[in-house]
Structure formats: C-alpha cells, structure tokens
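1. quick one, fold the following:
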Amino acid sequence: MTALQTTIPANIVPLRTNSEALVQASPSATTLTRLLHWSESWRDEPGVLLPDIPAELIEALPTALDMARHQLEPGDPGEVMAALSTLASRRGFPLPDGLALEMDVESLANLPRDLWRKAFRAVWEGFAYRRMPEVPDFRAHIADELAERRTRLDRLQGMQLRLETIRLREQWDAESRRRRRPCP
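-> Purely as a prediction, here's the structure:
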C-alpha cells in the first residue's frame, strides 16, 4: 500500500481565499471589524459631527490600513503571461501581438493575485466566445470584489484624514487659547 502525498506544493495558491483570514489572524479582530463598520457608518458625515472615537479604534487604524493595502497588492506579470499563454494554446487562440499583449499583461498583473486567479478560473471554466478573452472579460468576474476592496481602503484613509484633522484642530485651538490668555 502506498501513502498519499499530503503536502501542497509551495507554488500553489488557493483560488478561494478566506477574506476574513487576515482579520481573524489579528489579536484584535473585533476592534478591526468595528473600525471597518465605523468608517462605513461615518464616511459622509462632516468631521465636526464625529463623536469621540474609542482609543482602541484609533490604535487599530494603521493595522487596518496595512491589511486593506495588502489586499490590493498587484500580482505577478510572469504568472499572468503564463496563464494567458496556457489559455491561448488550450483554446487554439492566437495571442495578441506586441504592445497589445504587453498592455493586457500589465493590466491584469495590476489586479490582486487572488482576484486575478479567481477571474482566470471563471474565464477558463465559462468563456464561450471564439476569440482570446480581453481584460474586461476577466475584470467582469471580479469587479464587485475589487470595488469593495478599493472602497474599504478609501474609507479607512478617509477616517485617517479625519482623525488627523481632529488632532490638528485640537492643537490649533490649544495654541490659540495660549496666545489669547492674558499676561499676568
């Protein structure tokens, strides 16, 4: 009897990622989740109307920003080129020439790796046209998730700017009060 190989090769990336894996890995997952909800809830409110923000949310902001940026990191152009070549040979499509292929690879490599792989898999499984898929054909499968990630980053950056504005306003108010204080 032979044993089954149970190790996964290092170059294999799961096509379905657990989007909450980064949040769950953090010791303050609840705080990060609250911060995301807070930034969503208060995104359109003027900064002067923001209530006092809990200190743990302010402390969690840099971590949440790093996670949001990490989820938008671009993929590998080599992987994209290999995938497009494989798709073209499998379906009998000619690859675009020169600059067109370069632009396709560059555009698709700018997608986060997990979303690129998800889009590629969807095209591989369901593309029915008699031509080589183009960038919009891939993006159509991940447009909502990509927009959601970008929106999350934008809202967290907006929250960071609001907190900085509040901090500066308090600093300027304190300086103004010191200047207006009568001399003894």
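2. and Arg152, how close does it get to Gly158?
-> The spacing between Arg152 and Gly158, counted by C-beta to C-beta, to the nearest Å, is 11 Å. From N, CA and C alone the C-beta is placed, and that goes for glycine too.
3. quick check, Leu146 in a helix?
-> Yes - secondary structure of Leu146, determined by DSSP: H, G, I helix; E, B strand; the rest coil: located in a helix.
4. ok, then the element right after the worst-scoring helix or strand of the chain on mean pLDDT?
-> Sorting the helices and strands of the chain by mean pLDDT, DSSP states H and E puts helix 21-25 at the bottom, at a mean of 44. Past helix 21-25, further along toward the C-terminus, the next helix or strand under DSSP states H and E is helix 29-41.
5. hmm, who's touching that following helix?
-> Helix 29-41 is contacted from outside by 23, 26, 53-54, 56-57, 59-61, 63-64, 67, 152, 155-156, 158-159, using C-beta atoms under 8 Å, 6 or more residues apart in numbering.
6. mind checking which of those are in strands?
-> Filtering the contacts of helix 29-41 for membership in strands, criterion DSSP state E, returns an empty set.
7. can you show me the helices along the chain?
-> Listed in chain order, the helices of the chain (DSSP state H) span residues 21-25, 29-41, 55-70, 77-91, 98-109, 113-126, 135-139, 143-180.
8. mean confidence for the last one?
-> If you average the pLDDT over helix 143-180, you get 90.
9. got it, and stretch 59-78?
-> Within the predicted structure, the mean pLDDT of stretch 59-78 is 92.
10. can you give me the end-to-end span of it?
-> Between the opening and closing residues of stretch 59-78 we find a distance of 38 Å, counting by C-alpha to C-alpha, to the nearest Å.
11. can you list the buried residues in that stretch?
-> Judged by neighbour count using 16 or more other C-beta atoms under 10 Å, the buried positions of stretch 59-78 are Ala60, Leu61, Thr63, Ala64, Leu65, Met67, Ala68, Gln71, Gly75.
12. stretch 129-146 now?
-> The neighbour-count check on stretch 129-146 (16+ other C-beta under 10 Å) flags Met132, Pro133, Val135, Phe138, Arg139, His141, Ile142, Glu145, Leu146 as buried.
13. how many neighbours does the closest residue to the last one other than its chain neighbours have?
-> The shortest distance from Leu146 to any residue other than its chain neighbours is 5.9 Å, reached at Leu115 (C-beta to C-beta, 6 or more residues apart in numbering). Neighbours of Leu115 under the rule other C-beta atoms under 10 Å: 21.
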